[in-house]
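>>> after the sequence you'll find the predicted model.
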Amino acid sequence: MKLGLQLGYWGAKPPADGNVGIARTAESLGFDSVWTAESWGNDVFTPLAWIGAHTSKIKLGTAIAQLSARTPTACAMAALALDHLSSGRMILGLGVSGPQVVEGWYGQPFEKPLARTREYVDIVRQVLRREAPVSSAGPHYPLPYTGPGATGVGKPLRPIVHPLRADLPIYLGAEGPKNVSQTARIADGWLPVYYSPFRQEVYADQLKEARPGFEIAPLVLVNIDDDLEKALLPAKMMLAFYIGGMGSQEHNFHKNLMCRMGFEAEANKIQECFLAGRQAEAIQYVPTQFADEITLSGPKARIKERLQAWRESPVTTLLINGPRMDEATLRTLAELVL
């Protein structure tokens, strides 16, 4: 099992050194990859390029690059450029985000996310293969464009730059059963936001079509503390925010996933409290069992013991994040996992 460092997206300001120091530490400790994210603040590629310029061997992943943030060809251009500049270290993680972000921030329709994902991935792969001029019948990303306002002079183009790798790995962030099934069929890896090695049956059927070498790299919050309840608090706060507020009452994929994992009553209560402005109460309704299963929390000895369940799962990489991603924490994880 490999380790990846998930740096996420920035808050109000970027980290003092652009996360270069912690990325270098992870690289020196044998971490396989480092990942950045985007929401509606910083983009995902610029911080990754900054980190890539200050490292030499650690892989560079986007988890995730939002589909609606850029067209498929623009995304492929960024990926092939970063792959060249990093000497083949790029992993392209993609995801649809949610309707609030897609329609509220990017000003695009959210409809048919599975079909959009298929088209998007197909176009990106066409660019990376560079076998012929890139074209797509659409309807979501037609190339060349012939719709309203078109001049009629557009033609399929082949990328000027020869991509370094035609098989640059593409991972997908997916939560719903149909989305996970499609990910297993068309992608090289899967980026689950919540994964419990104690409930492998939740995704077992969806992963049956995965090809040999298919990677599974879940986000795993890590908090080492002798007090288990204290260690789980950051995870509960995160879960309350995502399940309660990261999406509308009708469209919240994180809440739906928690329901499928066996905590429907609690998920409904979390959302009810959060949307009513009672965030502290929402945190109290996050089940300790759920927060514990999807994280590595508590004393070092307990984390070492619970790692066995992850080793016995299909997971290939742990993408770690947490409230204290310092050298001591990374060194402990490298000792326990690697």
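Received, thanks.

>>> give the contact list for residue 220.
Residues in contact with residue 220 (Cβ atoms under 8 Å, 6 or more residues apart in numbering) are 195, 294-296, 310, 318-321. Backbone N, C-alpha and C define where each C-beta goes, glycine included.

>>> mind checking which of those residues are in strands?
296, 318-321 (DSSP state E).

>>> other SSEs contacting the worst-scoring helix or strand of the chain on mean pLDDT?
Within the chain, no helix or strand scores below helix 253-260, which has a mean of 88 by mean pLDDT, DSSP states H and E. In terms of contacts (3 or more Cβ pairs under 8 Å, 6 or more residues apart in numbering; DSSP states H and E), helix 253-260 is packed against helix 228-245, helix 264-275.

>>> next helix or strand past the helix or strand encompassing residue 35?
Residue 35 belongs to strand 33-36 when elements are defined using DSSP states H and E. The element immediately downstream of strand 33-36 (helix or strand, assigned by DSSP H and E) is helix 45-53.

>>> chain center to that following helix: distance?
17 Å (Cα atoms, centre = their mean, to the nearest Å).

>>> what is the mean pLDDT for that helix?
Helix 45-53 carries an average pLDDT of 98.

>>> can I get it in CSV, CA atoms only?
What follows is helix 45-53, C-alpha atoms only, in CSV (Å, rounded to 0.1, in the frame of the first residue of the first chain):
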residue,chain,number,x,y,z
PHE,A,45,-2.9,23.1,-11.5
THR,A,46,-1.0,26.2,-10.5
PRO,A,47,-0.1,25.0,-6.9
LEU,A,48,0.8,21.5,-8.3
ALA,A,49,3.2,23.1,-10.8
TRP,A,50,4.8,25.1,-8.1
ILE,A,51,5.3,22.0,-6.0
GLY,A,52,6.5,20.0,-9.0
ALA,A,53,9.2,22.6,-9.7
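
>>> what residues does the helix or strand following it touch?
Using DSSP H and E, the helix or strand that follows helix 45-53 towards the C-terminus is strand 59-62. For strand 59-62, contacts defined as Cβ under 8 Å, 6+ apart pick out 4, 32-38, 44-45, 48, 51-52, 82, 86, 89-94, 171.

>>> what is the nearest of the ones in strands among the contacts of residue 220 to residue 65?
Nearest to residue 65, judged by Cβ to Cβ, of those is residue 319 at 14.9 Å.

>>> just flag the most distant two among the contacts of residue 220.
Using Cβ to Cβ, the contacts of residue 220 span at most 15.2 Å, a distance reached by 310 and 321.

>>> where in the stretch 101-250 of the chain is pLDDT low?
Residue ranges of the stretch 101-250 of the chain with pLDDT under 70: 247-248.

>>> and the helices in it?
Secondary structure of the stretch 101-250 of the chain (DSSP state H, counting those that start in this stretch): helices located at 113-129, 177-186, 201-204, 228-245.

>>> adding mean neighbour count and distance to residue 260, write the ones you listed out as JSON lines.
Below are these laid out as JSON lines (neighbours: other Cβ atoms under 10 Å; distance: least, Cβ to Cβ, whole Å):
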{"stretch": "helix 113-129", "mean neighbour count": "19", "distance to residue 260": "17"}
{"stretch": "helix 177-186", "mean neighbour count": "19", "distance to residue 260": "8"}
{"stretch": "helix 201-204", "mean neighbour count": "15", "distance to residue 260": "6"}
{"stretch": "helix 228-245", "mean neighbour count": "20", "distance to residue 260": "12"}
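
>>> so for residue 278, which of those helices sits nearest?
Among the helices of the stretch 101-250 of the chain, the nearest to residue 278 by Cβ to Cβ is helix 228-245 (9.4 Å).

>>> strands paired with the strand holding residue 35, and their directions?
strand 2-6 (parallel), strand 59-62 (parallel) (DSSP bridges).

>>> for the first one, which outside residues touch it?
Strand 2-6 is contacted from outside by 22-23, 26, 30-35, 37, 59, 61, 63, 217, 219, 316-321, 325, 330, 333-334, 337-338, using Cβ under 8 Å, 6+ apart.

>>> still on that earlier bit, got a winner among the ones in strands among the contacts of residue 220 for most neighbours?
Within the ones in strands among the contacts of residue 220, residue 319 tops the neighbour count with 26 neighbours, counted by other Cβ atoms under 10 Å.
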